[in-house]
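[1] sequence and computational prediction follow.
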Amino acid sequence: MGSKPSLLRLSLAALSLLVTLGSHPAPARAQDEAAAAFSEGLRLFAAEDYPGARAAFERAYQAQPNVRVLANIADCLAREGKIAAAVMTYRKFLAEAGDEIPGPARRLVERRTADLRAQVSDLSVTVEPAGATVLVDGEEIGTAPLPEAFAIDAGEHRVEARLPGHESVARTVQANAGGDLVVALTLPETRAEPGPVEPIESPVEPPPPPQPQPAATPLGRGPLLWVGAGLTAALAITGTITGVMALSSRSEYEDAGTSLERRRELYDSRKTLPLVTDVLLDGAIVVGLATTALYLFAGPRAPAEESGADADLALRIPSGGGLACDLRTSF
């Protein structure tokens, strides 16, 4: 792979070409961003942080595309051990740089590319028909026909081609370091799916007679009945509990052995608990009566003309307090 000093000399030689960032004009802001990212890449490369340096050089290339930055990116890839990617980047640099770089620098890059080429394999893929997308290990590398060989690391790889209207074809291949690998793929057309079967027309038949619909559950027999019954029970149970607590509090308050401090604590509850108990029990009575009325009058009833009977439930508050219920019936 070459010694570290030789690679460093290559990097510095490539970097010396980039001091002026080429002759392509760019906005001042883009030039400043590219210069800042490029300087950061130099610093990180000198500190042997090659992934960070490559990221900085790539930002410089995006801010102000300059083919000469590719050499710096390739240097970082080589130091990261990504040999195939480094070879492809060096080749792109040599192809696009043209006469922009001096002969000695070009020969240095070519020699470095040849050294790294001995560690990888060149993959050539042909696909019939043309226009298929070619993937290596799930990563898209181009559209067939590929313009040049693609460098891949030695070892096992999966080569695949995809094209709409055709079945995808994949092949697993073994690449050898320093060798060439040729893969030919033929994509068969996708078989046409059978069309929908046209139904055979039949004589129009009369619609079936309407089916009797199940009777809806009466309002008084549905969920409201159970909600009312449950609420009545809950209020009654809670009122009973608070009533027991009120009696207990009163008994403890009137007990001669209860301390003065304890009586102060019981003073408020002695009045509050009976009031809460009354409210809860009255609420249980009201909800219970309402649930009963719902059951009686919102359930199924015979027509008035057939039964000749009628009933009415009325709630009222007597003058002496409390709650009263009047049930009136007529025949």
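    Nice, thanks for sending it over. All values reported here derive from a predicted model rather than from experimental measurement. Numbers count the residues shown, from 1 in each chain.

[2] where does residue 185 fall, phi/psi-wise?
    For residue 185, the backbone dihedrals (degrees, to the nearest 10) come out as phi -120, psi 140.

[3] neighbours around it, how many?
    Around residue 185 sit 18 other residues, with neighbours defined as other C-beta atoms under 10 Å. Just so you know, the C-beta spots here come from the backbone N, C-alpha and C atoms, and that holds for glycine as well.

[4] what does residue 181 give?
    Other residues within reach of residue 181, judged by other C-beta under 10 Å, total 18.

[5] only C-alpha atoms, please: export the helix or strand harbouring residue 115 in CSV.
    For residue 115, the host element (DSSP states H and E) is helix 103-117. This file holds the C-alpha atoms of helix 103-117, laid out as CSV (Å, rounded to 0.1, in the frame of the first residue of the first chain):
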residue,chain,number,x,y,z
GLY,A,103,3.0,16.3,-15.5
PRO,A,104,4.9,15.3,-12.3
ALA,A,105,1.8,15.6,-10.2
ARG,A,106,-0.2,13.5,-12.7
ARG,A,107,2.4,10.8,-12.8
LEU,A,108,2.5,10.7,-9.0
VAL,A,109,-1.3,10.2,-8.9
GLU,A,110,-1.1,7.6,-11.6
ARG,A,111,1.6,5.7,-9.8
ARG,A,112,-0.4,5.8,-6.6
THR,A,113,-3.5,4.6,-8.4
ALA,A,114,-1.6,1.7,-9.9
ASP,A,115,-0.3,0.6,-6.5
LEU,A,116,-3.8,0.6,-5.0
ARG,A,117,-5.2,-1.1,-8.1
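
[6] average pLDDT for that helix?
    Here the mean pLDDT over helix 103-117 is 90, rounded to a whole number.

[7] ditto for stretch 74-88
    Mean predicted lDDT for stretch 74-88 stands at 94.

[8] mind listing residues that contact it?
    With contacts defined as C-beta atoms under 8 Å, 6 or more residues apart in numbering, stretch 74-88 is touched by 1, 7, 10-11, 14, 45, 48, 50-51, 53-54, 57, 89-90, 93, 112-113, 116-117, 119-120, 150-153.

[9] report the buried members of the residues you listed.
    Buried positions within those, assessed by neighbour count (16 or more other C-beta atoms under 10 Å), are 7, 10-11, 14, 45, 50, 53-54, 57, 89-90, 93, 112-113, 116-117, 119-120, 150-153.

[10] could you list the low-pLDDT ranges of the stretch 51-200 of the chain?
    Of all residues in the stretch 51-200 of the chain, those with pLDDT under 70 make up the ranges 192-200.

[11] secondary structure element for residue 250?
    Counting by DSSP H and E, the element that carries residue 250 is helix 223-254.

[12] next secondary structure element downstream of that helix?
    Following the chain from helix 223-254 toward its C-terminal end, the next helix or strand by DSSP H and E is helix 260-297.

[13] helices along the stretch 51-200 of the chain, start to end?
    Counting by DSSP state H, counting those that start in this stretch, the stretch 51-200 of the chain has helices at residues 69-80, 83-97, 103-117.

[14] quick one, the second one and helix 69-80 angle?
    Pointing back at helix 83-97 there. Note on geometry: by axes from the mean of the first three to the mean of the last three C-alpha atoms, to 10 degrees, helix 83-97 and helix 69-80 are set 170 degrees apart in direction.

[15] which residues does residue 267 contact?
    Residues near residue 267 by C-beta under 8 Å, 6+ apart: residue 253.

[16] and it, what's its pLDDT?
    The predicted structure lists residue 267 with a pLDDT of 71.

[17] if I look at it, how far off is residue 277?
    Computed with C-beta to C-beta, to the nearest Å, the distance linking residue 267 and residue 277 is 17 Å.
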